[in-house]
Structure formats: C-alpha cells, structure tokens
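Trainee: okay, predicted coordinates and the sequence, questions at the end:
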Amino acid sequence: MSIGILGQKIGMTRVYDGTGVITPVTVILAEPNSVLQVKGQEKEGYTSVQLGAFDTTEKRVSKPEAGHFKKAGAAPKKFVREFRTNGDEAKVGDQITVTRFQAGQLVDVIGISKGKGFQGVMKKHNFAGQGAAHGSKTHRRNGAIGERSTPGRIYKNHGMPGHMGDERVTVQNLRVVQVREADNVLLVSGAVPGAAGSYVVVRTAIKGQPKVVQVQDSKPQNPMKASKAKK
C-alpha cells in the first residue's frame with residue numbers, strides 16, 4: 001500500500017468539462033503533510049509511515065506528543081494518521097503534497113460520518129414501516145423481533161433503533177477531477193463522509209485498480225481430445 005495524504009473537507013461544488021457536462025465534486029484541502037515517523041519491520045514488526053497535517057499550538061498537545069513532534073523536527077499537528085507501506089517510501093521530515101495524485105486517478109476517502117443521534121428503523125435501516133390507517137399507532141415501529149422456540153434467540157445484526165452516524169466510513173473508487181497544486185486542493189468526484197471542516201484521509205484506491213491478466217501463448221487444448229489422450 002502506498003502513502004496517501006491527510007486533508008480537510010471544505011465543501012462541495014461543481015465543475016464543467018469541455019463539453020459542458022457538470023460533475024459534482026468535493027473540495028479537499030490537503031496542505032503539505034509532514035512525515036513524523038517511519039516504522040520498520042525489525043523494530044515495530046511492520047512497515048508504515050506516519051503523517052501529520054494542520055499546525056496547532058504546543059499547548060494543545062500532550063507532553064509526549066510534543067516530544068514526538070520535536071523529535072521529527074515538525075510543528076505540533078492537529079491530525080495524525082499512519083499508512084501501511086511495503087517498504088521505506090519516505091524519510092522523517094519529508095513533505096507529502098497533492099502532487100502524489102493525478103487527475104483521473106481513483107482514490108478511497110476515509111472520514112467520520114455526520115452524527116444523526118438516536119434514530120428509528122425507518123431512517124436507520126430503511127424499513128418500510130407499518131400500515132398508517134385504521135387506528136394504527138405503530139406507523140414507524142419495527143414490529144415484533146421474536147423468534148419461535150427454534151432457534152429461541154434473536155439473530156445478530158437484526159435492525160433495531162439506535163445511534164446513527166458518527167462512525168468511520170470509507171467511500172471507494174472516487175475519481176480525482178482536478179489537482180490544484182498552488183492551492184493545495186484536490187477536487188474529488190462525488191461526496192465524501194463528514195461535515196464541512198472535518199478531517200479525511202485520501203489514499204490510492206485498493207479495489208479500483210486494473211487487474212493484471214496472465215495471457216498464455218499456447219492454444220487451449222480441446223477437453224474431449226485431452227480425455228481421449230489420457231485413455
């Protein structure tokens with residue numbers, strides 16, 4: 001896995017291509033990220049690169065965190081995350097910028113979704129609800145959840161009312177529409193998790209990469225002839 005970049009969701013807008021087609025995009029501010037630590041297989045047991053973004057004051061970080069930033073020669077950061085890598089792709093003190101991405105590239109964006117509070121099953125799980133006529137008082141209720149004597153229990157993951165949102169969400173295979181190096185901005189097609197001002201992680205898409213197909217030079221053998229040859 002390659003190193004991504006840390007950014008902040010600014011909001012949404014639209015861009016036009018040469019033919020006048022409108023593409024809704026999310027504006028992500030990604031100031032230069034500082035490499036705070038490079039972990040290796042020998043000491044930590046795995047390889048990764050730790051990045052920090054968006055400067056803050058020293059009084060807003062703990063003493064251990066302040067020492068960690070000082071050791072890396074960087075200012076205290078608001079947002080720190082780690083990327084697994086296959087080897088040493090960066091050194092402590094390096095700066096990671098939006099130029100790591102190109103227009104047309106597919107990326108995954110990770111963020112914390114908007115909190116919705118306590119919600120019912122119709123909003124949280126898209127239940128259809130119950131009849132709303134003839135004196136019914138359970139229009140939006142989930143109804144009975146019980147089972148019979150077999151299995152005598154409620155299955156896991158049964159849709160119930162509860163807290164909704166405010167959780168880590170990954171949106172996969174979004175396309176980079178523009179890379180504005182002068183403004184440290186990425187324009188990504190579609191919506192990304194979280195409210196405006198929330199922090200996000202942008203990484204190269206894992207599942208959207210083209211598959212490498214091995215092509216055999218020899219012609220495939222007829223299965224009927226192959227079975228006769230074995231006899």
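Mentor: Thanks, I have the structure now.

Trainee: can you tell me what sits against stretch 129-141?
Mentor: Here stretch 129-141 makes contact (CB atoms under 8 Å, 6 or more residues apart in numbering) with Gly120, Val121, Met122, Gly143. Bear in mind the C-beta positions are built from the backbone N, C-alpha and C, glycine included.

Trainee: tell me, how many residues neighbour the closest residue to the last one other than its chain neighbours?
Mentor: Read it as Gly143. Spatial nearest neighbour of Gly143, chain neighbours left out: Gln130 (6.4 Å); criterion: CB to CB, 6 or more residues apart in numbering. Neighbour count of Gln130, defined by other CB atoms under 10 Å: 14.

Trainee: min pLDDT across the contacts of stretch 129-141, which one?
Mentor: Lowest pLDDT among the contacts of stretch 129-141: Gly143, with 90.

Trainee: any idea which element it lies in?
Mentor: Under the criterion DSSP states H and E, no helix or strand holds Gly143.

Trainee: now it: how far from Ile28?
Mentor: Using CB to CB, to the nearest Å, Gly143 is found at 42 Å from Ile28.

Trainee: higher neighbour count, those two?
Mentor: Counted by other CB under 10 Å, Gly143 and Ile28 do not tie: Ile28 has more neighbours, with 26 against 10.

Trainee: the more buried one should be in a helix, yeah?
Mentor: No - applying DSSP: H, G, I helix; E, B strand; the rest coil, one finds Ile28 to be strand, outside a helix.

Trainee: what does the domain assignment say about the protein?
Mentor: Here the domain parsing of the chain from automatic domain parsing is 5-115+167-230, 116-164.

Trainee: so which of those domains is the most surrounded?
Mentor: Of the domains of the chain, the one with the most neighbours on average (mean count of other CB atoms under 10 Å) is domain 5-115+167-230, at a mean of 15.

Trainee: and Asp108, which of the three is it?
Mentor: strand.

Trainee: Lys114: which of the contacts of stretch 129-141 is nearest?
Mentor: Comparing the contacts of stretch 129-141 against Lys114 with CB to CB places Gly120 closest, at 17.2 Å.

Trainee: state the distance from the closest one to Met160.
Mentor: 9 Å.

Trainee: overlap in contacts of these two?
Mentor: Common neighbours of Gly120 and Met160 (CB under 8 Å, 6+ apart) are Asn142.
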